[in-house]
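Peer 1: Based on what follows, work out the 3D shape:
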Amino acid sequence: MKTGLVTSDTYQNHNTGEGHPEQINRVSVILENFKNKNNKNLIWKKPSKFEKKLLENTHNVSYVNFVEKSFPEKGLSFLDGDTIISPGSKEATLDAVGSIITAIDGVQNKEFQNAFCAVRPPGHHAEKNKAMGFCIYNNVAVGAHYLIEKYKFNKIAIVDFDVHHGNGTQDIFHDNEKVLFISTHQYPYYPGTGTEQEKGKYNNIFNIPLPAGTTSEEYLNAYEFVLKKLKKFKPEFILFSAGFDAHKDDPLAQFQLKSKDFYELTKRTLSLAKVFSEGKVVSILEGGYDLNALQESTEMHVRALVEFN
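Peer 2: This is a model prediction of the structure:
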């Protein structure tokens with residue numbers, strides 16, 4: 001079995017304006033690197049189209065309708081203070097969601113063992129009825145609902161290692177006992193949520209807030225609590241909200257992780273996936289704003305996915 005790499009050319013048309021950290025080159029440097037490596041164990045795929053009701057399973061209908069009407073015919077528009085859209089954003093936003101649907105179908109149909117979705121815009125800050133933090137639709141949350149609705153899974157784990165707390169994913173699954181949401185993140189920091197006291201209605205939210213300056217050793221020690229929680233939950237499918245902005249070179253946070261740490265945390269998680277979920281794992285890109293660090297870190301992350309096969 002191989003690893004799926006799901007991506008789209010439409011991300012080049014999601015223009016966030018000059019100087020914005022969530023820039024067009026984020027996905028292009030990742031793809032350029034994988035093309036140069038020419039790894040025969042990667043199956044490249046484009047995202048499929050999907051029915052609007054998949055968005056409405058995750059977001060309020062009024063919010064989905066609002067977003068649809070918000071894309072400008074020219075220039076840039078703001079969905080919030082830092083979530084910017086352009087005419088090309090509409091297709092990119094839908095393809096970001098379509099990527100995780102395609103990846104899940106590929107794993108379920110045994111086309112590949114696991115998958116990484118190189119997408120933009122990211123998703124984990126998007127709440128049921130609110131865009132924020134560069135995020136419009138919550139891609140990983142749509143994926144989790146899809147696993148429940150189509151494939152009838154009852155235990156989905158979302159592991160979010162972006163340096164910023166996934167407030168949107170927490171908001172969406174706060175009262176859903178079928179989804180365990182685990183987040184490691186810098187705290188106190190944007191978006192201000194993610195304390196240990198935020199546990200969800202069914203104790204299905206598990207936050208691991210860590211201070212600015214957290215080192216590789218400190219982070220990987222803390223990640224053992226992620227693994228313990230996963231063992232207890234016994235997930236049938238694991239989704240990664242894969243943000244690489246915990247890297248020491250990232251301009252938007254103050255963690256001190258190295259690129260190889262993303263290989264290590266991925267590998268440790270996959271060893272559990274093998275036990276509980278037949279190795280079924282789909283990862284989708286969230287943050288990561290230093291282009292060199294992002295390129296290196298995604299390579300490490302995907303290397304672990306490929307080696308697992």
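
Peer 1: and the residue nearest to M300 when sequence neighbours are not counted, which of the three is it?
Peer 2: Take M300 and drop its neighbours on the chain: the residue closest to it by Cβ to Cβ, 6 or more residues apart in numbering is Y263, 3.8 Å away. To be clear about C-beta, it is placed using only N, CA and C from the backbone, and glycine gets the same treatment. Under DSSP: H, G, I helix; E, B strand; the rest coil, Y263 falls in the helix class.

Peer 1: wait, Y263 sits on V302?
Peer 2: No - with contact defined as Cβ atoms under 8 Å, Y263 and V302 do not form a contacting pair (9.2 Å).

Peer 1: Contact partners for the residue nearest to M300?
Peer 2: By Cβ atoms under 8 Å, 6 or more residues apart in numbering, the contact set of Y263 is 300-301, 303-304.

Peer 1: likewise F173?
Peer 2: With contact set as Cβ under 8 Å, 6+ apart, F173 has these partners: 141, 144, 158, 179, 181, 200, 204-205.

Peer 1: Which one of those sits in the busiest neighbourhood?
Peer 2: A141 (32 neighbours; other Cβ atoms under 10 Å).

Peer 1: can you give me phi and psi for that residue?
Peer 2: Note on A141: backbone dihedrals following degrees, to the nearest 10 are phi -70, psi -40.

Peer 1: the helices in this structure, which residues?
Peer 2: 25-37, 52-56, 61-70, 89-108, 139-149, 167-173, 216-233, 259-276, 291-308 (DSSP state H).

Peer 1: Output these as TSV; include the columns mean pLDDT.
Peer 2: As requested, the helices of the chain are exported to TSV (pLDDT from 0 to 100):
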stretch	mean pLDDT
helix 25-37	97
helix 52-56	97
helix 61-70	98
helix 89-108	98
helix 139-149	98
helix 167-173	98
helix 216-233	98
helix 259-276	98
helix 291-308	98
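
Peer 1: For S8, find the nearest of these.
Peer 2: helix 89-108 (4.2 Å; Cβ to Cβ).

Peer 1: and the helices of the chain as JSON lines, adding distance to L239?
Peer 2: Shown next, in JSON lines, are the helices of the chain (distance: least, Cβ to Cβ, whole Å):
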{"stretch": "helix 25-37", "distance to L239": "19"}
{"stretch": "helix 52-56", "distance to L239": "15"}
{"stretch": "helix 61-70", "distance to L239": "21"}
{"stretch": "helix 89-108", "distance to L239": "8"}
{"stretch": "helix 139-149", "distance to L239": "5"}
{"stretch": "helix 167-173", "distance to L239": "9"}
{"stretch": "helix 216-233", "distance to L239": "12"}
{"stretch": "helix 259-276", "distance to L239": "11"}
{"stretch": "helix 291-308", "distance to L239": "13"}
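
Peer 1: Between those, which one is closest to S77.
Peer 2: Nearest to S77, of the helices of the chain and by Cβ to Cβ, is helix 61-70 at 6.1 Å.
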